[in-house]
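**Q** Sequence and predicted structure below; questions after.
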Amino acid sequence: MFYDKEVAHLFDWLDEIEERLSTSRFLLSEQLTEADRFLFPALIWFDVLFKCIITNNGL
């Protein structure tokens with residue numbers, strides 16, 4: 001059940017990021033920061049990987 005707990009934590013984190021970005025163009029301030037530069041490719045990578053896992057598991 002460790003996996004389920006960690007997946008829930010990950011999606012809670014993604015919800016928090018989505019909430020922040022719904023009210024601001026950037027993650028931490030009103031200008032582009034290094035956090036934004038690292039977040040964007042990480043989200044793209046996660047999206048591609050997650051779709052592959054879902055497709056391969058038949059979910």
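**A** That came in fine, so what should we check first?

**Q** Return the list of helices and strands in contact with the lengthiest helix in the chain.
**A** The single longest helix within the chain, with elements called by DSSP state H, is helix 34-57. On a contact count with 3 or more C-beta pairs under 8 Å, 6 or more residues apart in numbering; DSSP states H and E, helix 34-57 meets no helix or strand. Yep, even glycine has a C-beta here, placed from its N, CA and C like the rest.

**Q** Touching stretch 36-54 from outside, list them.
**A** Residues from elsewhere that reach stretch 36-54 (C-beta atoms under 8 Å, 6 or more residues apart in numbering): 17, 26, 27, 28.

**Q** Can you give me the neighbour number for the third one?
**A** Just to be clear, that refers to residue 27. 17 (other C-beta atoms under 10 Å).

**Q** That one in helix, strand or coil?
**A** What DSSP: H, G, I helix; E, B strand; the rest coil gives for residue 27 is coil.

**Q** pLDDT below threshold where in this protein?
**A** 57-59 (pLDDT under 70).

**Q** Which residue lies nearest the spatial centre of it?
**A** residue 14 (4.3 Å; C-alpha atoms, centre = their mean).

**Q** Quick check: which element contains that residue?
**A** helix 2-23 (DSSP states H and E).

**Q** Next, the buried residues of that helix.
**A** Across helix 2-23, burial judged by 16 or more other C-beta atoms under 10 Å covers no residue at all.
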